[in-house]
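After the sequence you'll find the predicted model.
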Amino acid sequence: MTRSYENLTLCVPRGGPKRLSEGVIVENTISSPIPQNHVLIQVDKFGWSANNVTYGMLGEDTHFRYFEFHRAPETSTTSAKTHGVIPVWGFGTVVDSTVGQIKVGERIFGYLPFARYMLIEVDTKDINTHNFYAKRPHLPIDRRPYNQITRCNTDPLYSKETEEAAMLYRPLFWTSFWCEDWLHSISYRGANKIIISSASSKTGFCLALVIRRRMEETGEKREIIGLTSASNVEFVKSLGLYDRVVLYDNVAEIGPQDGTYCYVDVAGNQNLNGRLMKHLKSSMALGVSLGMSHMSETKGSIKSTADGHSKLEMFFMPEWMHVVRKRTPVTEIAKMQKKGWSWIMRDGSRWVKMKRSSGRDAVLPKYKDTLKGSIPADTGLVFSLWDNGVLATERAKL
């Protein structure tokens, strides 16, 4: 039986980060029967944060290639050549399948498009009880974590009651979790003090959480310093994760003579990076770029500072995971992740208030608000392009 699925997709013009604000929601139709070895997933809801803004800003970057995971639909105004689609992390439901091992009605979590539907080809040689994988041969093998579609029925981390917290924290927390794992593997290059910019961001405070839990387990001692704006000071202090909170304008208060520093830049603010590196000089043993939460200040933030003293190393989770999987048994990785996930699920839900937006008319303005940095630090955003959150699968039952 032939069926049509009316899709909506947020498309952003190619041409650099400044064009993200020109994003538009376009309509296209997906018709059945879908091709062999494909599944059609209804994108029910997804989290939205500065992490997703980073995906958009690096969409055309030749290393990250975030716009190559989901093709922009071919319409009268958009195409894959002229527009990109920002990836999101969220939950969905399989509504059509030509893969025998994947049934209609399955609940999934994965790296989805900012859309109502996702049609993907499945790697039929890579399906198991817990996951299946989108087939994207044009991307490097270390992008495998992004191709993974998690089957909720067998996911030990899944709980229906914590779906919204999970899709908000899951990508951010794992980025921070595995960044700390890498930092610990190199002993922080000898640093005994860790500075985290954008300390109020979820990526920032998740990193602080994991560092603190590691120290509790190992007995190691490192001071965690959070950098933030005046408007977020009280929130950052309330988390109880940072030993010291310093305003961006007051980085001179951090004494180069007081220790050896590891700087993790989550903000992506070039001006801040330059001032801090110039101030710390040789006392900064390591600088790491982990995000770009300050959109307007990101250009060139990973390059050398003006005096050429130092530059930031980019941490990219899929590349580190490729290393981890080669040397760590799968069962051990699962244990690490289960323990880590319990940390953020225990505390994370009380740190943020969830705000939901449904339908194109509500979601598009909220999306543009995030580009201006106008979302409070204690807020978690949940988006759905379905009007009033009523999904097609639910309408069919009415």
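That came through, no problem. The model shown is predicted, which means the values in this text are computed figures rather than measured ones. Numbers count the residues shown, from 1 in each chain.

So what pairs up with F132 in the strands?
Residues in a beta bridge with F132, per DSSP bridges, are I127, I149.

going forward, begin numbering at 17 instead of 1
Okay, using 17 as the starting number, the last item reads as F148.

Could you double-check that it sits in contact with R167?
Yes. Using CB atoms under 8 Å, F148 is in contact with R167, at 7.1 Å. Every residue, glycine included, has its C-beta placed from N, CA and C.

where along the stretch 167-316 of the chain do the strands fall?
Counting by DSSP state E, counting those that start in this stretch, the segments of the stretch 167-316 of the chain that form strands are 209-212, 239-244, 260-263, 277-281, 300-305.

The first one pairs with which strands, parallel or anti?
According to DSSP bridges, strand 209-212 has the following sheet partners: strand 239-244 (parallel), strand 277-281 (parallel).

Need the pLDDT of A393.
As predicted, A393 sits at a pLDDT of 85.

Identify the residues contacting it.
The contact partners of A393, by CB atoms under 8 Å, 6 or more residues apart in numbering, come to S216, S217, N248, F251, V252.

try 10 Å this time
214-218, 220-221, 244-245, 247-248, 250-252, 255, 367-368 (CB atoms under 10 Å, 6 or more residues apart in numbering).

Pull the number of nearby residues for the closest residue in space to it that isn't next to it in sequence.
Nearest residue to A393, sequence neighbours excluded (CB to CB, 6 or more residues apart in numbering): S216, at 3.7 Å. Using other CB atoms under 10 Å, S216 has 24 other residues around it.

same question, L397
Burial of L397 is recorded as 22 neighbouring residues (other CB under 10 Å).

if I've got this straight, it is in a strand?
Yes. If the criterion is DSSP: H, G, I helix; E, B strand; the rest coil, then L397 is within a strand.

Distance of it relative to R123?
Distance, L397 to R123, using CB to CB, to the nearest Å: 21 Å.

Helices along this structure, start to end?
Using DSSP state H, the helices of the chain run over 66-73, 160-163, 179-201, 218-234, 249-255, 286-296, 333-343, 346-367, 376-387, 408-411.

nearest to Q58, of these?
Proximity to Q58 (CB to CB) singles out helix 408-411 among these, at 6.1 Å.

avg pLDDT for that closest one?
In this model, helix 408-411 has a mean pLDDT of 57.

what does stretch 195-210 give?
For stretch 195-210, the mean pLDDT works out to 96.

now the end-to-end length of it.
13 Å (CA to CA, to the nearest Å).

Please look at I241 and A207 and confirm they touch.
No. I241 is beyond contact range of A207, at 11.2 Å (criterion: CB atoms under 10 Å).

Mutual contacts of these two, please.
Listed as contacting both I241 and A207 by CB under 10 Å, 6+ apart are Y277, Y279.

count of neighbours near Q52?
Neighbours of Q52 under the rule other CB under 10 Å: 9.

For the closest residue to it other than its chain neighbours, what are phi and psi?
Distance criterion CB to CB, 6+ apart; nearest residue to Q52, sequence neighbours excluded, is T114 at 5.0 Å. Dihedral angles of T114 (phi, psi; degrees, to the nearest 10) stand at phi -120, psi 20.

gap between T114 and V120?
Look at T114 and V120: by CB to CB, they are 11 Å apart.

Next: R205.
Counting by CB to CB, the gap from R205 to V120 is 51 Å.

What of E38?
Using CB to CB, we find E38 at a distance of 36 Å from V120.

beta partners of the residue nearest to V111 when sequence neighbours are not counted?
Spatially, and ignoring its direct neighbours in sequence, V111 is nearest to Q58 (4.8 Å; CB to CB, 6+ apart). Going by DSSP bridges, Q58 is paired in beta bridges with T109, Y133.

Then the one 4 residues further on?
Using DSSP bridges, the bridge partners assigned to F62 are G106, F399.

from memory it sits against Y71, does it?
No. With contact defined as CB under 10 Å, F62 does not count as touching Y71 (12.0 Å).

Touching both of those two, which residues are there?
Residues touching both F62 and Y71 by CB under 10 Å, 6+ apart: P103, V104, W105, Y127, F130.

okay, these in JSON lines with pLDDT next?
Formatted as JSON lines, these follow (pLDDT from 0 to 100):
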{"residue": "P103", "pLDDT": "97"}
{"residue": "V104", "pLDDT": "97"}
{"residue": "W105", "pLDDT": "96"}
{"residue": "Y127", "pLDDT": "97"}
{"residue": "F130", "pLDDT": "98"}
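
So which of the residues you listed wins on neighbours?
Sorting the shared contacts of F62 and Y71 by how many neighbours each has (other CB under 10 Å) puts F130 first, at 27 neighbours.

before we move on, the earlier item: could you dump the strands of the stretch 167-316 of the chain to TSV with distance to M183 and mean neighbour count?
Shown next, in TSV, are the strands of the stretch 167-316 of the chain (distance: least, CB to CB, whole Å; neighbours: other CB atoms under 10 Å):
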stretch	distance to M183	mean neighbour count
strand 209-212	23	25
strand 239-244	25	23
strand 260-263	28	17
strand 277-281	24	26
strand 300-305	24	21
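
Of all these, which one is nearest S48?
The closest of those to S48 is strand 300-305. By CB to CB, the value is 43.6 Å.

still on that earlier bit, can you add distance to I349 and give the strands of the stretch 167-316 of the chain back as a markdown table?
Converted to a markdown table, the strands of the stretch 167-316 of the chain look like this (distance: least, CB to CB, whole Å):
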| stretch | distance to I349 |
| --- | --- |
| strand 209-212 | 24 |
| strand 239-244 | 25 |
| strand 260-263 | 33 |
| strand 277-281 | 23 |
| strand 300-305 | 22 |
